[in-house]
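**Q** take a look and give me a structure for this.
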Amino acid sequence: MRFQTPLIPATLIRRYKRFLADVRLDDGREVTAHCANPGKMIGLNMPGLKIWVEPNDDPKRKLNYSWRLASLDDGSMVGIDTSLPNKLVDEGLAKKLVKPLADYPDVRREVPYGDKSRVDFLLQGVGKPDVYLEIKNAHLRRTDDWAEFPDSVTARGARHMDELAEMVAQGHRAVVLFVVQHTGCNRFRVSGDLDTNYAAAFEAARAVGVEVLVYDTTIDTETVVLGKEIPLGSTLQA
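**A** Sure thing, here's the model as predicted:
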């Protein structure tokens, strides 16, 4: 995925009201940027953080800047937009980059299923079980090179795991794919200490056959691209 307009550097002043951030551009101007991230953004919301914003001149948008990336002191790049992983996986499926799902020719997005939910992707192929595929964004890093999910309590995420488990019970395949938008991470685990209910739903779903995939990303100020599969570790316990 290539950014529509060149990103420009800025410094984070504060992030507030979940979807807003005040930032200082390199020319000294202070502006408000849209922050497409409803999570707590642990480790990514500190004043003084070097970030990258995307300008726009769309008259239909209330804000002229969107916060896209963060640059950490160790050189890691982090994607902020939690809606981006769906686009990355869409591209990855089209290019057959997700090997365990590469033999499904028919891919549909946002298909109704479960309890008034929509699955991110439904994959189908002649003579194959349907695949219900949910995508999750992960950019939390607290220790070493571990990426973690979630970074805050997510009742919606737990419900998705329950619904994927139900698809398995009905004879389908069900997969949750975590996209790690943090170039400093080479492993992944569920942060059960931050959300015990999600961790329980995750483990219960795995126990009945829900598959788990984790892919990293390559990130720079021009593009974010789905990368390679990385290992899943044991769930952190509270």
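
**Q** wait, isn't R141 in contact with E148?
**A** Yes - with contact defined as C-beta atoms under 8 Å, R141 counts as touching E148 (7.1 Å). To be clear about C-beta, it is placed using only N, CA and C from the backbone, and glycine gets the same treatment.

**Q** compare these two and say which is more crowded by neighbours.
**A** Comparing R141 with E148 by other C-beta atoms under 10 Å, the one with more neighbours is E148, at 27 against 22.

**Q** just the element for that one, please.
**A** Element membership for E148, per DSSP states H and E: strand 146-149.

**Q** residue ranges of the strands in the protein, please?
**A** All strands of the chain, identified by DSSP state E, fall at 8-16, 20-25, 30-35, 50-55, 65-71, 77-79, 106-113, 117-124, 131-138, 146-149, 173-180, 187-190, 211-219, 224-229.

**Q** not counting the shortest one itself, show me its contacts.
**A** Read that as strand 77-79. 44, 68-72, 137, 139, 181-184, 217, 219-220, 224 (C-beta atoms under 8 Å, 6 or more residues apart in numbering).

**Q** now, of those, which are buried?
**A** 44, 68-72, 137, 139, 181-184, 217, 219, 224 (16 or more other C-beta atoms under 10 Å).

**Q** show me the two of those residues that sit farthest apart.
**A** For the buried ones among the contacts of strand 77-79, with distances taken as C-beta to C-beta, the pair at the greatest spread is S71 and N137 (18.4 Å).

**Q** closest to P38 out of the contacts of strand 77-79?
**A** Closest to P38 out of the contacts of strand 77-79 is N137 (10.3 Å), distances taken as C-beta to C-beta.

**Q** in the protein, which helix is the longest?
**A** helix 155-169 (DSSP state H).

**Q** domain map for this protein?
**A** Domain assignment for the chain by automatic domain parsing gives 8-79, 84-229.

**Q** make JSON lines from those and add distance to R2 and mean pLDDT to it.
**A** JSON lines is the format used below for these (distance: least, C-beta to C-beta, whole Å; pLDDT from 0 to 100):
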{"stretch": "domain 8-79", "distance to R2": "11", "mean pLDDT": "95"}
{"stretch": "domain 84-229", "distance to R2": "5", "mean pLDDT": "97"}
